[in-house]
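Asks: My questions are about this predicted structure, shown below with the sequence.
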Amino acid sequence: MIEFKLTGEHIALFQLLKATHICGTGGEAKIRIAENLVTVNGEIETRLRKKIRVGEVVAYNGEQITVL
């Protein structure tokens, strides 16, 4: 499990995947989201710019990110 400390009010989903090195680039993150491979709080999320806030849990490819 990865813990990500949020410095602002929110972060876009694709940016979070890139910032935590789950995806190598923002482009790769966008592709994985479009392929319905990413979940937010246990539900598939297809919005690239979904605002992720403190307390949410993002999962992709066996990795889980908890936003603090």
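Replies: On my side now, so go ahead. Since we're looking at a predicted model, the values are computed, not measured.
Asks: so where's the chain uncertain?
Replies: Applying pLDDT under 70 to the chain flags no residue at all.
Asks: just so I have it, where are all the helices in it?
Replies: 13-19, 26-34 (DSSP state H).
Asks: which of these sits most buried?
Replies: helix 13-19 (a mean of 22; mean count of other Cβ atoms under 10 Å). Every residue, glycine included, has its C-beta placed from N, CA and C.
Asks: ok, Ala34 touching Arg47?
Replies: No. Ala34 is beyond contact range of Arg47, at 10.1 Å (criterion: Cβ atoms under 8 Å).
Asks: a markdown table please, covering the helices of the chain and showing distance to Gly62.
Replies: What follows is the helices of the chain, written out as a markdown table (distance: least, Cβ to Cβ, whole Å):
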| stretch | distance to Gly62 |
| --- | --- |
| helix 13-19 | 13 |
| helix 26-34 | 13 |
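Asks: who wins for proximity to Gly42 among these?
Replies: helix 13-19 (14.4 Å; Cβ to Cβ).
Asks: Skipping adjacent residues, who's closest to Lys51 in space?
Replies: His10 (4.0 Å; Cβ to Cβ, 6 or more residues apart in numbering).
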